[in-house]
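Asks: let me see the structure of the following:
(chains A and B)
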There are 2 protein chains.
Amino acid sequence: MTAFIFDLDGTLIDSVYAHVLAWQEALADFDVSVDAWRINRRIGMSGGMMLQALSNELNCEVRPEMAKQMEKRHSELIENFRSKCRPLRGAVALLQSLRADGIPFGIATSGNRPGIDPSLLALGIPDDTVVIEGKNSPHGKPEPDELLRCQQKLQVEPEECFVVGDAVWDLLAASRARMFSIGLLTGGYAPSELFEAGAHRVFADPAELLSSLYQLGLHS
Amino acid sequence: MTAFIFDLDGTLIDSVYAHVLAWQEALADFDVSVDAWRINRRIGMSGGMMLQALSNELNCEVRPEMAKQMEKRHSELIENFRSKCRPLRGAVALLQSLRADGIPFGIATSGNRPGIDPSLLALGIPDDTVVIEGKNSPHGKPEPDELLRCQQKLQVEPEECFVVGDAVWDLLAASRARMFSIGLLTGGYAPSELFEAGAHRVFADPAELLSSLYQLGLHS
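Replies: Numbering: from 1, shown residues only, chains lettered A, B, ... in the order given. Here you go, the predicted model:
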């Protein structure tokens, strides 16, 4: 294996819990009441797909124009949370180590610039890093589109890629793209849930992945 | 079985995600950096025990006097979160139904009055409900003390009690108290984690527990 494709929110940045509460408040502002754990389990899909999933699950209708307003409100509310662009333990060191070792990596996220710019800055990655944004993909995760675009831009083959993600949606998308996947516990999922979604390996956080790269055939 | 003992935060009230972020901010104010998912997995212990667990896990020292200040800061910060006393789906209806059917229940929480008063008010339970607070227990969950005090006050036997909780700490305490336990997914744990901690049954939320009471021999 020669390349890594990282999810951003919840995988490199400690933002899942903030996004859960920002979504819950955004939905409440439109009189849609959803318990936080249900949002947690749907985070990592594109925002529109998540709203569709929640509305199916809760048997309430979210019309497309309302979904757009909810997404806008979520974008406003997330700004209030201190952890929205806080790197996870070991994230900065992991990316530095890959760069030092000449191992190509990219980021494939459902998020978009300029919203994700502070997170990319906090991670200290150079401007020429491959970053695939959600807005240019017709389908977000668990569809494989974003991963495939990232892999093509990295100029490697799908079979050469490890996808690193915290949500089952990352791992399902990796399977669909014929890529191996690494699950991290940083999104609040249990190891069993990540393995059931197809994870090749599960590690606690980016720090543990860094110290375990040898298990992937990448370090001596 | 004739009685229920409920955990409060995360089981009847949708406050886990708010508590996670309030703890993370409180710790950060004392230059202790902890990823949110690690706090999530330690919530439901007493605050003091949680800080001890995190400091062991992260290999940093939290002295008792600093722990007290962190707990105080957490109590201040939690006030900023909208979901801190929001009942979970079905929680109010479940308690109403138990009361209508004459099934005794109590609440055993690591929280304390007056902090928990808005939550109790939101649940609409009468003033004479048995509520065991954390401050009067020498040891919080996963020790069984709070559950045993609740059971004694309900004037039932341990074997007659179902403990309902969202965290593995509730379920471990139930086993220690020789009580059956019911896990809910509302704290962000996976079913596998709750079963591994000894849950007799796992349901999504209080609403699903209410519609499943017949499985516990309590409804026709």
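Asks: which residues does the longest helix along chain A contact?
Replies: In chain A, assigned by DSSP state H, the helix with the most residues is helix A:64-78. Here helix A:64-78 makes contact (Cβ atoms under 8 Å, 6 or more residues apart in numbering or on different chains) with A:15, A:18-19, A:22-23, A:25-27, A:29-30, A:32, A:47-48, A:51-52, A:62, A:84, A:115. (C-beta placed from N, C-alpha, C; glycine too.)
Asks: drop anything exposed from these.
Replies: In these, burial by neighbour count holds for A:15, A:18-19, A:22-23, A:25-27, A:32, A:47-48, A:51-52, A:62, A:84, counting by 16 or more other Cβ atoms under 10 Å in any protein chain shown.
Asks: restrict the residues you listed to contacts with chain B.
Replies: Here is what survives when the buried ones among the contacts of helix A:64-78 are matched to chain B using Cβ under 8 Å from any Cβ of the partner chain: A:A18, A:E25.
Asks: what about the contacts of helix A:64-78, which are in helices?
Replies: Secondary structure from DSSP H places A:A18, A:H19, A:A22, A:W23, A:E25, A:A26, A:L27, A:G47, A:G48, A:L51, A:Q52 of the contacts of helix A:64-78 in helices.
Asks: my read is that the first one contacts A:E79, right?
Replies: It refers to A:A18. No: assessed by Cβ atoms under 8 Å, A:A18 is found out of contact with A:E79, at 9.9 Å.
Asks: that older thread, quick one: least confident of the buried ones among the contacts of helix A:64-78?
Replies: In terms of pLDDT, A:G47 ranks lowest among these, with 74.
Asks: not counting its neighbours along the chain, what's nearest it?
Replies: Excluding the flanking residues, the one nearest A:G47 by Cβ to Cβ, 6 or more residues apart in numbering or on different chains is A:E71, at 4.8 Å.
Asks: count of residues packed around the one you found?
Replies: 16 (other Cβ atoms under 10 Å in any protein chain shown).
Asks: can you tell me which of the ones in helices among the contacts of helix A:64-78 is nearest B:N56?
Replies: Nearest to B:N56 among the ones in helices among the contacts of helix A:64-78 is A:A18, at 26.0 Å by Cβ to Cβ.
Asks: contacting residues for the closest one?
Replies: If you count contacts by Cβ under 8 Å, 6+ apart, then A:A18 has A:I78, A:F81, A:R82, A:S83, A:K84, B:L21 around it.
Asks: which residues touch the fifth one?
Replies: By Cβ under 8 Å, 6+ apart, the contact list for A:K84 reads A:I13, A:S15, A:A18, A:H19, A:I78, A:P118, A:S119.
Asks: do you know how far the fourth one is from A:L51?
Replies: In this view, A:H19 and A:L51 are 13 Å apart by Cβ to Cβ, to the nearest Å.
Asks: just A:I103 next, same as before
Replies: 36 Å.
Asks: over to A:Y17?
Replies: Distance from A:Y17 to A:L51, by Cβ to Cβ: 19 Å.
Asks: then A:L147?
Replies: A:L147 is 22 Å from A:L51, by Cβ to Cβ.
Asks: with A:E133 instead?
Replies: 19 Å.
Asks: again with A:L12
Replies: On the measure of Cβ to Cβ, A:L12 and A:L51 end up 24 Å apart.
Asks: for stretch A:127-140, give the mean pLDDT please.
Replies: 89.
Asks: so what touches that stretch?
Replies: Stretch A:127-140 has contacts (Cβ under 8 Å, 6+ apart) with A:45-46, A:48-49, A:105-113, A:116, A:120, A:143, A:145-146, A:149-150, A:153-154.
Asks: mind redoing it with 6 Å?
Replies: Stretch A:127-140 has contacts (Cβ atoms under 6 Å, 6 or more residues apart in numbering or on different chains) with A:45-46, A:49, A:106-108, A:110, A:112, A:145-146, A:149-150, A:153-154.
Asks: and the lowest-mean-pLDDT helix or strand in chain A with helix A:16-28, angle?
Replies: Lowest mean confidence among the helices and strands of chain A (mean pLDDT, DSSP states H and E): helix A:47-58, at a mean of 84. Put simply, helix A:47-58 runs at 70 degrees to helix A:16-28, going by axes from the mean of the first three to the mean of the last three Cα atoms, to 10 degrees.
Asks: how far is helix A:47-58 from where the chain is centred?
Replies: Chain-centre distance of helix A:47-58: 17 Å, with Cα atoms, centre = their mean, to the nearest Å.
Asks: what's around the residue in chain A that chain B sits nearest to, how many residues?
Replies: Proximity of chain A to chain B (Cβ to the nearest Cβ) peaks at A:A190, 3.5 Å away. Other residues near A:A190 come to 20 when the count uses other Cβ under 10 Å.
Asks: which residues does the closest residue to it other than its chain neighbours contact?
Replies: The shortest distance from A:A190 to any non-neighbouring residue, by Cβ to Cβ, 6+ apart, is to B:A190 (3.5 Å). Counting by Cβ under 6 Å, 6+ apart, B:A190 touches A:A190, A:S192, A:E193.
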